[in-house]
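In: Predicted model and sequence follow; I will ask about them next.
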Amino acid sequence: MKKEKISGLTAVYRKVKEGYIAYVEEIPGVNTQGVDLKETKENLLDALRLILEVNREMAKKEFIGDVLKEKISIDI
């Protein structure tokens, strides 16, 4: 599968007693935790990849037949 780069998303990190928690502001469900900031950042990227992969697979199953797909971008 061809890799593509997605940019412009916002990672939010919060220090807590146990380490860090994090989420992607623009995509509900992409959240994680880690014992330090490095681990948390790695975990967040893994969570983002997994959510995007699962969402794409679900969309493939849901939309069978005459479907138009295109890449979009938006400036906010």
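Out: Alright, I've got the coordinates. Residues are numbered from 1 along each chain as shown.

In: Show the pLDDT at the nearest residue to Glu25 once chain neighbours are set aside.
Out: Excluding the flanking residues, the one nearest Glu25 by C-beta to C-beta, 6 or more residues apart in numbering is Thr10, at 4.0 Å. Yep, even glycine has a C-beta here, placed from its N, CA and C like the rest. Thr10 is assigned 96 on the pLDDT scale.

In: Could I get the contacting residues of Thr10?
Out: Residues in contact with Thr10 (C-beta atoms under 8 Å, 6 or more residues apart in numbering) are Val24, Glu25, Glu26.

In: got a winner among these for most neighbours?
Out: Val24 (19 neighbours; other C-beta atoms under 10 Å).

In: ok, now which ones touch the closest residue to that one other than its chain neighbours?
Out: Nearest residue to Val24, sequence neighbours excluded (C-beta to C-beta, 6+ apart): Val30, at 4.0 Å. Applying C-beta under 8 Å, 6+ apart to Val30 gives the contacts Tyr23, Val24, Leu44, Ala47, Leu48, Ile51.

In: circling back to that earlier point, quick one: the residue nearest to Glu25 from Leu44, how far?
Out: Applying C-beta to C-beta, to the nearest Å, the value for Thr10 to Leu44 is 11 Å.
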